[in-house]
Each structure stands twice: as structure tokens, then as C-alpha cells.
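# heads up, no residue letters with this:
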Ligand SMILES: NC(=O)c1ccc[n+]([C@@H]2O[C@H](COP(=O)([O-])OP(=O)(O)OC[C@H]3O[C@@H](n4cnc5c(N)ncnc54)[C@H](OP(=O)(O)O)[C@@H]3O)[C@@H](O)[C@H]2O)c1
């Protein structure tokens, strides 16, 4: 892997881990992969857009967060497994003052999740389900803590405030598009880590963002650009 910007040169594993250090203040970082022509999926999943180096960064981002936020659609469509890290990453976390595992946080307005699915049932630490007031969550309470925020829709700003109050300063969102769209609309995105894959997916797939229009476009600044196997791995921040 090579760094193109800001300091051109080869990137080893230690440098890569440093390049993805979260900001000193609490932040929400979003990670996505997209094709050159803007598709967020191939055949309904993100796997075909990814590759070994994107997966390497994906693993580093997970290693460096306190909470991993994901929309219920992605959990359902991608068949999310329990959030487990290998021993080396767990040790790294403990040595750097983090808990052994990040906490999985699933956003679902309808609480339409199967408590038997591995992401919930096999989780190494108790996951959190973020939903709105009035939703029936009795089926989830044996396997997850529940945060309620908002009456008609999930109030993500309130939910993130609650997560921070519970010690989850660095939040990584792995999507999907509707969750990203809601985070953008609420002005909650501090960073986007975007892998651009050298593929023309053609028409059909949606973008990496979806939902109601955001009030105004927001400008982000390029923090770094990496190149590996023809993929660009970009980190943008406020
Ligand atoms: N390219 C990539 O890097 C990438 C990353 C992730 C996902 N994906 C792809 O994206 C697709 C899924 O898209 P998606 O838009 O359905 O994913 P999503 O944003 O993960 O899930 C949407 C669902 O999550 C819940 N949700 C999200 N935001 C919410 C909010 N603000 N308030 C309340 N509930 C909210 C709702 O669940 P309920 O219906 O339960 O209320 C909603 O139906 C999959 O095909 C997946 O492969 C691609």
C-alpha cells in the first residue's frame, strides 16, 4: 500500500494504524466502499466492491472504535455476524486504553431484528439497539440493551449523546446508506473513510447514501489518500 497524500511513500501496518487514529474529541466516523461509478452494492451486497486492502482498513477502523453503529437494513441484508476481533487486535485495544471489544449498536426504527441472529445472540459484549419510543422491544431485551430516542423517528443526535455518556466516544458507522443519509441530514458526520474500487458497476445499485434530502451540502477536507491494488482509500474529515 502506498500513501499518495499528504506524504507520498510506502505504508507499513504500524503507519496504517496511525493513519486511522480517531480525532482527539468524540467523533462519528463513517466507512463505505463504492464503485467508480458510485454503486454501494454489487448483487445487493458490499463484498464484491471490497478487496484485501479495504478489508485491512475495515479491520483497523473496527479496532480503533468504542462503538460500531450499523443500520438494521445492513444487519439484515449482510447477515451480520457477532463482532469478534482476533487476539492481536484485542490485545492492541487493551494496551491502548480501549475495552476488549467495541460495542455493536444497531439502529432500527421498528426494532425488526431477530434476537437469535449471531450479531445479537453470539455477541462478546452486550449489543445496543437504538429505536424510537413506543416500539415493542420485548423480544430483544434478553440479548441487548435498548436506547430509545425520538417519538416518530429515531433521534440520532440524542442516541449518540447517550452512547457518549456511556463512554463510547469514538463511534464508527459501517452504514448502510439510509443510516448514513440520516447522520448526514442531522449534521452528525465528522469523517468519511471511503474506498473507491476500480469497477464500473453499471446502473441499478443505489448510492452509499439514501433518504430525505440533506438541508445543505457539507464540505469535508481530505486527510489522506492511499492506493492499493487500484483502489483509492480516502479519509475525509470536517
Ligand atoms: N458499500 C458499502 O460500504 C455498504 C455498507 C453498508 C451497507 N451496504 C449495503 O446497503 C444495503 C442496505 O441499505 P439500507 O439503506 O437498508 O441500510 P441501513 O441504513 O443499514 O438500514 C436501513 C434500516 O435501518 C434502520 N435505520 C437506519 N437509519 C435509521 C434512522 N435514522 N432511523 C430509524 N431507523 C433507521 C431502519 O430499520 P427498521 O426497518 O428496522 O426500522 C431502516 O429500515 C445492503 O445492500 C448493504 O449491502 C453497503
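Arrived safely. Not measured: the values here are computed from a predicted model.

# same for the helix ranked longest in the chain, what does it pack against?
If you go by DSSP state H, the chain has its longest helix at helix 52-63. Helices and strands touching helix 52-63, by 3 or more Cβ pairs under 8 Å, 6 or more residues apart in numbering; DSSP states H and E, are helix 13-19, strand 27-35, helix 87-95, strand 191-197, strand 221-228, strand 231-237. No exception for glycine: its C-beta is placed from N, CA and C like everyone else's.

# turn those into CSV, including distance to residue 59, mean pLDDT and mean neighbour count.
As requested, these are exported to CSV (distance: least, Cβ to Cβ, whole Å; pLDDT from 0 to 100; neighbours: other Cβ atoms under 10 Å):
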stretch, distance to residue 59, mean pLDDT, mean neighbour count
helix 13-19, 10, 98, 13
strand 27-35, 11, 98, 22
helix 87-95, 7, 97, 13
strand 191-197, 12, 98, 21
strand 221-228, 14, 98, 16
strand 231-237, 13, 98, 20
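
# tell me the contacts of residue 84?
With contact set as Cβ atoms under 8 Å, 6 or more residues apart in numbering, residue 84 has these partners: 101, 124.

# please name the nearest non-neighbouring residue to residue 174.
Leaving aside its sequence neighbours, residue 174 sits nearest to residue 70 (Cβ to Cβ, 6 or more residues apart in numbering; 5.0 Å).

# whoops, residue 123 was the one
Of all residues not flanking residue 123 in the chain, residue 82 sits nearest, at 5.0 Å (Cβ to Cβ, 6+ apart).

# shouldn't the one you found be in contact with residue 125?
No: distance between residue 82 and residue 125: 9.8 Å, which falls outside the contact criterion (Cβ atoms under 8 Å).

# the more surrounded of those two?
residue 82 (16 against 13; other Cβ atoms under 10 Å).

# so who does the residue nearest to residue 123 touch?
Contacts for residue 82 (Cβ under 8 Å, 6+ apart) come out as 118-119, 121-124.

# which one (most neighbours) among those residues?
Using other Cβ under 10 Å as the neighbour criterion, residue 119 leads those with 22 neighbours.
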